[in-house]
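S.K.: how would this look folded up:
(one chain, ligands or ions: 3)
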Amino acid sequence: MTVPLLEIANLNVKFRLGAGDLPVSSDVSFTLDKGRVLGLIGESGSGKTITSKAILRLLPAGGEMSADHIRYNGRDIAALPPREFDRLRGADLAMIFQDPVGSFNPVKTVGWHFRKVGRLHPGGHGGIMADAAEALRQVDIADPKTTLGKYPHQLSGGMLQRCLIALVMFSKPSLIVADEPTTNLDNLVERQIIDLFDKLRREVDASFIFITHDMTIAEQVSDSIIVMYAGQIVEQGPTEALMRDPRHPYTQGLVKTARELEGDVEKLTEISGEVGTGAWPENRCRFAPRCPLYDAACDHAIALHHVKEHGEVRCIKANRSEDAI
Ligand SMILES: Nc1ncnc2c1ncn2[C@@H]1O[C@H](COP(=O)(O)OP(=O)(O)OP(=O)(O)O)[C@@H](O)[C@H]1O
Ligand code: SF4
Ligand SMILES: [Mg+2]
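M.R.: Numbers count the residues shown, from 1 in each chain. Ligands and ions are numbered 1, 2, ... in the order given. Below is the predicted model of the structure:
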């Protein structure tokens, strides 16, 4: 049996604030196979970034994580000593942030960043620079030599994002978390970057967690999709099944809007209300205040459960009688 690249069981994240604990993600479990792309979708504040940062131990101050296990290539890395984890992250795990500026040291050139990542390169300085230039060419940077000599503030947001992706390609990690990497870019650059990820996945056999607000992009890039709502997974499964037949009312809303965007409707269907933060009731479905199907039966904690030939859904009305297990 093939071991998944990543197996997460029961991941919880909270922030310790002066006023008490703020739960941010609860009971997150999933697996990701080698060379596969997992789309992580959900509206702002649903916990996508914090969940991913927790996996890579990049939580901001005050954030605390617990998990039954986080297995990477079959090995539990949840309890790995910090120095060992840093080594693993440096070599194998990478995160592409939505805003690339914070990923660069502002007083160092782009070339310096490649030298730092490539310090163990067998070809020495010359080898690093040749491979860095090639990585920049692959992200369609026309004059890599000049770009390597530039400082981050001398490049546009789109150029810097490409440099960051080139840096990640150069370091050839096995797992890349891409956090809304195309949100601030125009459609053409977005398309190019998505194609680049596809190339990276094929050439390096890298696996991706691709975070997005956009169901259409999630559908294009992912083999499987996780939908998060209020810090919980509400639906997960293979992309094709989830897009064809979404079972959670929240996912149904997202898919409906995506289909409307592809068509020619004048007004998009909106899911009214907003996700809110932290103070979610434990004795009621977290989506209840916004759910068109809500009734008194939803007034208890809802577990994620398996739906045959579909995936997992956190809704008491997700099973159809003909496919209940
Ligand atoms: N440093 C922090 N301290 C306290 N709470 C935080 C901190 N960072 C994030 N949060 C809270 O964690 C929750 C989840 O945030 P997260 O950034 O993961 O959302 P997201 O799904 O990535 O949203 P977006 O789509 O806007 O990026 C939010 O309610 C946010 O307020
Ligand atoms: S459990 Fe009830 S409130 Fe929650 S999503 Fe399902 S139908 Fe809606
Ligand atoms: Mg985010």
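
S.K.: all the strands of the stretch 151-300 of the chain, residue numbers only.
M.R.: With DSSP state E, counting those that start in this stretch applied, the stretch 151-300 of the chain shows strands at 175-179, 207-212, 224-229, 232-238, listed in chain order.

S.K.: kindly report the same for the stretch 1-150 of the chain.
M.R.: Per DSSP E, counting those that start in this stretch, the stretch 1-150 of the chain carries strands over the ranges 6-17, 20-32, 37-41, 63-66, 69-72, 75-76, 93-96.

S.K.: any part of the third one near ligand 1?
M.R.: No. Residues of strand 37-41 are not located near ligand 1 by Cβ under 6 Å from any ligand atom, the shortest gap being 8.6 Å. Backbone N, C-alpha and C define where each C-beta goes, glycine included.

S.K.: quick revisit: looking at the strands of the stretch 1-150 of the chain, which is nearest to Leu160?
M.R.: Nearest to Leu160 among the strands of the stretch 1-150 of the chain is strand 93-96 (11.3 Å), distances taken as Cβ to Cβ.

S.K.: convert the C-alpha atoms of the closest one to PDB, please.
M.R.: Once non-C-alpha atoms are left out, strand 93-96 reads as follows in PDB (Å, rounded to 0.1, in the frame of the first residue of the first chain):
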ATOM      1  CA  LEU A  93       8.100  21.900   2.700                       C
ATOM      2  CA  ALA A  94       7.400  25.300   1.300                       C
ATOM      3  CA  MET A  95       4.700  27.900   1.600                       C
ATOM      4  CA  ILE A  96       3.900  30.500  -1.000                       C
END
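
S.K.: for it, list every residue counted as buried.
M.R.: 93-96 (16 or more other Cβ atoms under 10 Å).

S.K.: the lowest-mean-pLDDT helix or strand in the chain vs strand 207-212, what angle?
M.R.: In the chain, no helix or strand scores lower on mean pLDDT, DSSP states H and E than helix 187-204, which sits at a mean of 80. An angle of 160 degrees separates the directions of helix 187-204 and strand 207-212 when computed by axes from the mean of the first three to the mean of the last three Cα atoms, to 10 degrees.

S.K.: need the contact list for Asp214.
M.R.: By Cβ atoms under 8 Å, 6 or more residues apart in numbering, the contact list for Asp214 reads 41, 258.

S.K.: give me the pLDDT value at it.
M.R.: Per-residue pLDDT puts Asp214 at 88.

S.K.: quick one: it from Gly18, how far?
M.R.: 35 Å (Cβ to Cβ, to the nearest Å).

S.K.: what's the burial count for the closest residue to ligand 3 within the stretch 1-150 of the chain?
M.R.: Each residue of the stretch 1-150 of the chain has a distance to ligand 3, by Cβ to the ion, and the smallest belongs to Thr49, at 3.1 Å. Burial of Thr49, expressed as a neighbour count using other Cβ atoms under 10 Å, amounts to 21.

S.K.: pretty sure it is touching Ile211, no?
M.R.: Yes. Thr49 lies in contact with Ile211 (Cβ atoms under 8 Å); the separation is 6.7 Å.

S.K.: give me the neighbour count for Arg83.
M.R.: 8.

S.K.: for Ser224, that is, sorry about that
M.R.: For Ser224, the neighbour count with other Cβ under 10 Å is 21.

S.K.: so what sits opposite it in the bridge?
M.R.: Residues found in beta-bridge contact with Ser224 (criterion: DSSP bridges) are Leu38, Pro238.
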